[in-house]
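Asker: pasted the sequence and its predicted model underneath.
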Amino acid sequence: MFCANCGKEIKEGMNFCSSCGGKIEPINNEEVINDNINNTENNVNIDIKEEQKENDTINNSVYSTSDFYISIKGIKSRFDHGYNSMQFFSIFLPIPIWIILQLKDNSYYYDYKSSLYSAILFLLILPITTFIIANKINPRGVFIDMQNGVLIKNKKSKFGFLRDELYLKEVFAVRVKSFNIDAIPFPKGKWYNALFGSGEFYKFTFFDKVGSPLLNIHLTNKSDRDKLIEALKMIFNTLGKYDIQIEVNNSVSRDFDELAM
C-alpha cells in the first residue's frame, strides 16, 4: 500500500504515514470496482473469439450453420432511402394521374359529383392503398447466410433496388449506437412513433478496413439488437475473423440527423 499524499510505501494496518505523517484513508474495494464499471458501461467492445474448448482449438462445427433472419418493423422511411422513394411515389403517383384526367376532360357539362368521387379515389383511397401494398410486398428484414458469410438487408423485398448485399469478409468493425428521439409528443412504444421517427432506435454501422461505412441497419427492438449481435458474433467466428471489433455504445443519442444518415 502507498501513501496518497507523498507516495511512499507503508505497511498494512497503519493509520498514519511514517514518512509525511499524513492520515491513511481506508480504501473501499467495492467502490473502486463500481467506479470502473460505471466508467466503461457506456462503451462495450465485444470479444468475437469465444472461449476455447478443452483441446484449445476453435471448432467451427459448434456454431450454428442455420441461416439467420429477423424482420424489421416500424422504421420511418427516411432511415432507408430506397423505401423513402418507394413510399413517396406510392402516395403521390395517383395525384398527377387524377390531374391529367381532369385536364383531358373536355366535356361541355361538368359533373361535379363524379369529379368528387374521382378526387376521393385518387387523392385518398388509392394513395393509402398503394402505400400499404408497396410495404406489404417489400418487407424489411435482416438475413444472414451463415455458411457463405453474406448479409442481405431486405432480402424478401420484391423490388431489387431495396435490397443491399454485404459480404461480411469485407467488414472490419461494427458500431452499434442507441437513440431516443422525441420527434412527436405521443406516448412511446406505439406504432406511429416509429412511423414519425420517434421512440427508441438501434443503429448498426458496418465499416471496411479503412473505416468507411459499408451499410447501416436500423432496429426498434432491443431484443432484436441483441439477437443480431449474437448472430454477427457467430458468423465472424465461423469466418475466422476474430479481430473484428463490435462496439456497443449504450449511451443514448437524441440526434435525429445522425440516426437517419
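Answerer: Alright, I've got the coordinates.

Asker: am I right that residue 209 falls within a strand?
Answerer: No - the assignment for residue 209, made by DSSP: H, G, I helix; E, B strand; the rest coil, is coil rather than a strand.

Asker: surely it is in contact with residue 243?
Answerer: No - between residue 209 and residue 243 there is no contact under C-beta atoms under 8 Å: 10.8 Å. (C-beta placed from N, C-alpha, C; glycine too.)

Asker: is residue 103 in a helix, a strand, or coil?
Answerer: Put simply, residue 103 is helix when judged by three-state DSSP.

Asker: wait, residue 248 touches residue 203, no?
Answerer: No - Residue 248 is beyond contact range of residue 203, at 11.3 Å (criterion: C-beta under 8 Å).

Asker: what is in contact with the two at once?
Answerer: Counting by C-beta atoms under 8 Å, 6 or more residues apart in numbering, the shared contacts of residue 248 and residue 203 are residue 176.

Asker: list of residues touching whichever strand or helix holds residue 252?
Answerer: Following DSSP states H and E, one finds residue 252 within strand 245-253. Residues from elsewhere that reach strand 245-253 (C-beta under 8 Å, 6+ apart): 41-46, 48, 172-180, 229, 232-233, 259.

Asker: repeat that for 7 Å
Answerer: Applying C-beta atoms under 7 Å, 6 or more residues apart in numbering, the external contacts of strand 245-253 come out as 41-46, 48, 173-180, 229, 232.

Asker: again with stretch 212-228
Answerer: 70, 72-75, 79, 142, 153, 164, 166, 170-171, 176, 194, 199-208.

Asker: where does this protein have low pLDDT?
Answerer: Scanning the chain for pLDDT under 70 picks out 1-16, 18-41, 49-65, 75-78, 105-112, 183-198.

Asker: what about the strands in it?
Answerer: Here the chain has its strands, by DSSP state E, at 43-46, 68-72, 140-145, 150-153, 164-167, 173-181, 199-207, 213-219, 245-253.

Asker: out of those, which gets nearest to residue 238?
Answerer: strand 140-145 (10.4 Å; C-beta to C-beta).

Asker: quick check: angle from that closest one to strand 199-207?
Answerer: For strand 140-145 against strand 199-207, the angle by axes from the mean of the first three to the mean of the last three C-alpha atoms, to 10 degrees is 40 degrees.

Asker: quick one: strands adjacent to strand 140-145?
Answerer: With DSSP bridges as the test, strand 140-145 is paired with strand 68-72 (antiparallel), strand 150-153 (antiparallel).
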